[in-house]
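**Q** Turn this into a structure:
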Amino acid sequence: MSCKSEMDSIKAHVFDDKDLTEYLKKKGSNHNCYKYYSTISKIVSIRDNKCLYLSQGNNWNDITDRNNFNSSNYKKVNYGMCFSYSRDENVAMWMLYGGIKKESGMIDFTKKGIRSVLNTKAISLGYFDQNNNFIIKKVINRENFDLYCIDIIYYSENGSYYCITRSDERCFTLTKTVFDKLTGCKKTFPWQYENECRLICSIERDLLDETCKLVRIDLKEMDLGKSCERLYHGPNFSSLNTRNTLPSKMDNCIDWDLCDEQCKLKKDIIGTNKARGEHSV
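**A** Numbering: from 1, shown residues only. From the prediction side, this is the model:
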């Protein structure tokens, strides 16, 4: 390996938490694809309303991640939105985000689009009311928040060290001292298929109150390139109304009816075993 490539690898940046964080930010802002999977209604809303919403991660499906994302030990509050930087679509992502109900969607932001987002000058903080209207409680300017993209590392404990991966990079010697100082950018190995890059907005706690549940980023004046043209409905999307989205490239590649049958069979087995007082494998 050449000296240049060695310095541009994760192995060269694992000795200091700030250096490793900057390396992951550099990688995070340089992808060609930023795929955001969700329900089709949320995806279409991004296109039509030209807004992004970042949350504190309270409802994220990875329990360890959501507990770490906003630890009470942090001086700042993090708000985040999760993307996959994989060039290809991921069947597991389709299933996780709206696939089971056959209402999944995905928007694939370009590098140009994300870099425009990163130049945001002001953000709104607030919450959605019972009528699904966003209530703005505060607007703050750039000097009062940090906004960046950062790649996620995936880890497992390896004795007194951590083994971490990022894309095709791997390192076995990240110390606990450095690991514990990393914020908002680490998940356990089972999630590594996501190839996740995270858009994070960090704000001093003193500027916030309990009504500031979400960060809204207004996209209306931004040059997003072709981002809003790269909207897709899931490969098992059930509605005839595709909301002017493109078909998934995985259309006709998966027997979704068989997947549904297997899910139903699994539920029946679990239900029968519970009734018998048995454990399911």
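**Q** any idea where the helices of the stretch 51-200 of the chain begin and end?
**A** For the stretch 51-200 of the chain, the helices defined by DSSP state H, counting those that start in this stretch occupy 63-69, 91-94, 111-118, 176-181.
**Q** Quick one: closest of those to residue 191.
**A** Among the helices of the stretch 51-200 of the chain, helix 63-69 comes nearest to residue 191, with 7.8 Å by CB to CB. Just so you know, the C-beta spots here come from the backbone N, C-alpha and C atoms, and that holds for glycine as well.
**Q** So for stretch 179-194, could I get the coordinates as PDB, restricted to C-alpha?
**A** Output of stretch 179-194 as PDB, limited to C-alpha atoms (Å, rounded to 0.1, in the frame of the first residue of the first chain):
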ATOM      1  CA  PHE A 179     -14.200   4.700  21.100                       C
ATOM      2  CA  ASP A 180     -16.000   6.100  24.100                       C
ATOM      3  CA  LYS A 181     -15.500   9.700  22.900                       C
ATOM      4  CA  LEU A 182     -17.100   9.200  19.500                       C
ATOM      5  CA  THR A 183     -20.600  10.600  19.300                       C
ATOM      6  CA  GLY A 184     -23.300   9.900  16.800                       C
ATOM      7  CA  CYS A 185     -21.200   7.800  14.400                       C
ATOM      8  CA  LYS A 186     -21.000   4.200  15.700                       C
ATOM      9  CA  LYS A 187     -23.300   1.100  15.400                       C
ATOM     10  CA  THR A 188     -22.800  -2.600  16.100                       C
ATOM     11  CA  PHE A 189     -21.700  -5.000  13.300                       C
ATOM     12  CA  PRO A 190     -25.200  -6.400  12.500                       C
ATOM     13  CA  TRP A 191     -26.100  -3.100  10.900                       C
ATOM     14  CA  GLN A 192     -23.100  -2.800   8.600                       C
ATOM     15  CA  TYR A 193     -25.100  -3.700   5.400                       C
ATOM     16  CA  GLU A 194     -26.700  -0.200   5.600                       C
END
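**Q** contacting residues around it?
**A** Under the contact criterion CB atoms under 8 Å, 6 or more residues apart in numbering, stretch 179-194 has outside partners 17, 20-21, 24, 62, 64-65, 68-69, 71, 74, 78, 80, 82, 84, 90, 92-93, 150-156, 162, 164-165, 196, 198, 200, 202.
**Q** Could you pick out the buried ones from those residues?
**A** 17, 20-21, 24, 62, 65, 68-69, 78, 80, 82, 84, 90, 93, 150-155, 162, 164-165, 196, 198, 200, 202 (16 or more other CB atoms under 10 Å).
**Q** and the residues you listed, which of them are in strands?
**A** 78, 80, 82, 84, 150-151, 153-155, 162, 164-165, 196, 198, 200, 202 (DSSP state E).
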